[in-house]
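# sharing a model that was predicted from the sequence below.
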Amino acid sequence: MTIAMYSINPRTQRSKWVAIDADYRHALEDLLKLHCELGRDGVEAALEKSKRGATCGCSSRSLFLAREARIYVLNLAVR
């Protein structure tokens, strides 16, 4: 199972962070690929191995629209 998470300010519909959590056998390898794609886009991200998989997350000093974060993450996963 893989999920993308982000916090949303209900008033502004904006977020400061997004995380992709994957829990399956080769999750670390897959998220490492996503981590490299983020780097190519100029996005600094943290990658952390967990017991069942891995998590890749990034934050921003400025707020971004949560719907744009969702679209970006979906596009990133397709790449």
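Cool, got the structure. A quick note: this is a predicted structure, and the numbers were derived from the prediction, not measured. Numbering: from 1, shown residues only.

# what segments of this protein are strands?
2-6, 14-22, 46-49, 54-65 (DSSP state E).

# just the CA coordinates for the third one, please, in PDB.
Written as PDB, here are the backbone C-alpha positions of strand 46-49 (Å, rounded to 0.1, in the frame of the first residue of the first chain):
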ATOM      1  CA  ALA A  46      14.100  13.300   3.000                       C
ATOM      2  CA  LEU A  47      14.000   9.500   2.500                       C
ATOM      3  CA  GLU A  48      13.600   7.200   5.500                       C
ATOM      4  CA  LYS A  49      13.500   3.400   5.700                       C
END
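
# parallel or antiparallel, which strands does it pair with?
Strand 46-49 has its sheet partners listed here by DSSP bridges as strand 54-65 (antiparallel).

# so what touches the partner strand?
9, 12-22, 27-28, 31-32, 34-35, 38, 43-48 (Cβ atoms under 8 Å, 6 or more residues apart in numbering). Every residue, glycine included, has its C-beta placed from N, CA and C.

# would you write a PyMOL line that selects the buried entries of the residues you listed?
In PyMOL syntax, the buried subset of the contacts of strand 54-65 is picked out as below (16 or more other Cβ atoms under 10 Å):
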select buried, resi 14+15+18+19+20+21+22+27+28+31+34+35+38+45+47
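
# residue 31 and residue 20 touch, don't they?
Yes. Between residue 31 and residue 20 there is a contact under Cβ atoms under 8 Å: 6.6 Å.
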